[in-house]
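S.K.: What shape does this take:
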Amino acid sequence: MNWEAVIGVEIHVRLKSEYKLFCSDRAVFGGEPNTHICPVCIGLPGALPVLNPEVVDLALRTALAFGCTIHFESVWARKSYFYPDLPKGYQITQFDHPLATKGSVTFSGSEGDTSVKIRRVHIEEDAGKLLHDRVPRASAIDLNRAGTALVEIVTEPDLRTAADVRLFLGELKQTLEYVGASNCNMEEGDLRVDANVSVRRSGSPRLGNKTEIKNVNSFSGVERALSLEIARQIATLDAGSVVGQQTLLWDDHREELRKMRSKEESHDYRYFPEPDLSPVRVTQEQVTTVLESLPELPRDRCSRFKEVYELKDYDAEVLTQSAANADYFEELVGIHTDPRVAAKWVTGPLQALMNQRRENAQTVPVRPAKIAALIGLIERGVVSESAAKSVLVILAQEGGSPSDIIEARGLMQERDIGQLTSWVTEVLAKHSEEVARYRGGESKILGYLVGQVMQSSGGTADPRLARDLLIEQLSNE
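M.R.: Alright, predicted model coming up:
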């Protein structure tokens, strides 16, 4: 309890541009190795970079979403290091004159709302990728990724726990997706995280020696890696030893860290201005245009959903996890006036359907108008809620209208007392143990018995009438 961790993160975000940063090659994930390359991105002599202007707009969206100060002139630099997947021997990035500085991200942390300061946001090109499973006893190089456009977001060391780092990253990712800066698909390398961590005495203003953790491809991996490294550093200091400043690689399969190299400082990279590129010049008009185009951000939208639609915290948070889900919900509310019913369907049956089909709220074939029609049929007593969930699946598979499907499949809600009584009697006869428990005072068993009646009826029984009939028969000893 005498130690505290001090954590800062560097997030590399692949921007959602069709083309690379300095050439006309397409930025494609999953293509055949070395098929989306050209003299510029593989560093052939005499090939000159030309800036893709779309990247600047996407980087501005990123920086403005986090309230950063935009610098109207930023300068390219060469960061020199030698690695097989960096064909030029240097990376074009920004160093002492970045695009933006001094932003912040607020997230719901372990101690309530927490703000993390952003030191800088700058643009840079990505390196290629080493493939270790293509050639026996050797590594291959795929340069398709070389030259794709990134922004690097560097925070101040404001985080204190591994769990809060994970929550912070979730908020940052969600914001990037909302503003359309990146797809943030971690499986495709759209978002990669390096974490710098040191340990100091609680309350001390002095920072300890830090280590950098690399090669982490999931938020859960970041949390596990940091937890291990914090524990290791505390044990080292408790033993009277010194924490070495080094770079560590995270092995996700073995869940262990191993030393990669001693930690570099900026002078090790021999930064100097890029001679083949002019500075990036941004106008106030350009900043204003981008700022006005930004959507309502997730935290603001979540608060509005709670206030305007009177939703519970959980429903508002789930609905605003993605802009597509939130848009779908609001379109549905515009047709069907009860927001709580709309929230129940979007977060429940619709989300289950999307998960099953591996789709999202933009691509799922059942659009809000059809769900609104289905909800209306439930409210009018035409179909039970249970049967309506089956109708939703059929709508996704076959299309058509909810009313036609209900009629064609014989899914109209059964309200005939004679038929309902027959199902209720059958269920009670089959579940004598549950009947005894209910009569013994376990009133919650009633919900289970209603479910059994719905199952016997193929989802067509009116659940309210079925419940009333169950209570009536259960009351007759």
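
S.K.: Apart from its chain neighbours, what residue comes closest to S386?
M.R.: Spatial nearest neighbour of S386, chain neighbours left out: G459 (3.8 Å); criterion: CB to CB, 6 or more residues apart in numbering. All C-beta atoms are positioned from the backbone trio N, CA, C, and that covers glycine.

S.K.: Run a quick neighbour tally on the one you found.
M.R.: Counted with other CB atoms under 10 Å, the neighbours of G459 add up to 20.

S.K.: Kindly list the main-chain dihedrals of it?
M.R.: Backbone geometry at G459, expressed as degrees, to the nearest 10, gives phi 80, psi 10.

S.K.: got a list of what it touches?
M.R.: The contact partners of G459, taken as CB atoms under 8 Å, 6 or more residues apart in numbering, are S384, S386, A387, K389, S390, L411.

S.K.: mind running it again at 10 Å?
M.R.: Listed by CB atoms under 10 Å, 6 or more residues apart in numbering, the contact partners of G459 are V383, S384, E385, S386, A387, A388, K389, S390, V391, L411, Q413, E414.

S.K.: Closest one to R254 out of these, please.
M.R.: Within the contacts of G459, distances to R254 taken as CB to CB reach their minimum at K389, with 42.7 Å.

S.K.: Distance check, that closest one against V382.
M.R.: Using CB to CB, to the nearest Å, K389 is found at 15 Å from V382.

S.K.: same question, R26
M.R.: Using CB to CB, R26 is found at 51 Å from V382.

S.K.: Neighbour count for the two, which is higher?
M.R.: With neighbours defined as other CB under 10 Å, R26 and V382 compare such that V382 has more, 18 against 14.

S.K.: Quick check: that one is in a helix.
M.R.: No - the assignment for V382 is coil, going by DSSP: H, G, I helix; E, B strand; the rest coil, so no helix is present there.

S.K.: Mind pulling up the pLDDT for it?
M.R.: V382 is assigned a pLDDT of 88 by the prediction.

S.K.: what does E265 give?
M.R.: Per-residue confidence for E265 comes out at a pLDDT of 62.

S.K.: before we move on, what about the one 4 residues further on?
M.R.: Reading off the per-residue confidence, Y269 sits at a pLDDT of 78.

S.K.: Any idea how many residues pack against it?
M.R.: Under the neighbour criterion other CB under 10 Å, Y269 is assigned a count of 17.

S.K.: For it, grab phi and psi.
M.R.: Taking degrees, to the nearest 10, you get phi -90, psi -10 for the backbone angles of Y269.

S.K.: okay, and for the stretch 151-300 of the chain, where does confidence drop off?
M.R.: In the predicted model, the stretch 151-300 of the chain carries pLDDT under 70 at residues 261-267.

S.K.: Tell me where it has strands.
M.R.: Under the criterion DSSP state E, counting those that start in this stretch, the stretch 151-300 of the chain contains strands at 191-201, 211-216, 246-251, 256-262, 272-273, 280-281.

S.K.: Quick check: buried residues in the third one?
M.R.: In other words, strand 246-251. Judged by neighbour count (16 or more other CB atoms under 10 Å), strand 246-251 contains these buried residues: T247, L248, L249, W250.

S.K.: Can you name the two of those that sit furthest apart?
M.R.: By the measure CB to CB, T247 and W250 form the most distant pair in the buried residues of strand 246-251, at 10.9 Å.

S.K.: For those two, list the residues in contact with both.
M.R.: Both T247 and W250 are in contact with I213, K214, N215, M260, where contact means CB under 10 Å, 6+ apart.

S.K.: Now the first one. Nearest residue, chain neighbours left out?
M.R.: Excluding the flanking residues, the one nearest I213 by CB to CB, 6+ apart is A195, at 4.6 Å.

S.K.: so the one you found makes contact with S227?
M.R.: No - if you go by CB atoms under 10 Å, A195 and S227 don't touch, sitting 11.1 Å apart.

S.K.: just the helices in the stretch 1-150 of the chain please.
M.R.: Counting by DSSP state H, counting those that start in this stretch, the stretch 1-150 of the chain has these helices, from start to end: 53-65.

S.K.: so where's it uncertain?
M.R.: Counting by pLDDT under 70, the stretch 1-150 of the chain contains low-confidence ranges at 1.

S.K.: follow-up on the earlier one: can you convert the strands of the stretch 151-300 of the chain into TSV and add a column each for distance to H71?
M.R.: Written out in TSV, the entries for those read as follows (distance: least, CB to CB, whole Å):
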stretch	distance to H71
strand 191-201	23
strand 211-216	26
strand 246-251	29
strand 256-262	32
strand 272-273	15
strand 280-281	9
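
S.K.: give the contact list for the closest residue to L228 other than its chain neighbours.
M.R.: For L228, ignoring the flanking residues on the chain, the nearest one in space by CB to CB, 6+ apart is L257 at 6.0 Å. For L257, the set of contacting residues under the criterion of CB under 10 Å, 6+ apart consists of 211, 213-215, 224-226, 228-229, 232, 248-251.

S.K.: need these in TSV with distance to A146, can you?
M.R.: Converted to TSV, those look like this (distance: CB to CB, whole Å):
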residue	distance to A146
T211	28
I213	24
K214	18
N215	18
R224	30
A225	26
L226	29
L228	32
E229	30
R232	34
L248	25
L249	21
W250	23
D251	25
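
S.K.: which of these tops the neighbour count?
M.R.: With neighbours taken as other CB under 10 Å, the top of the contacts of L257 is A225, carrying 28 neighbours.
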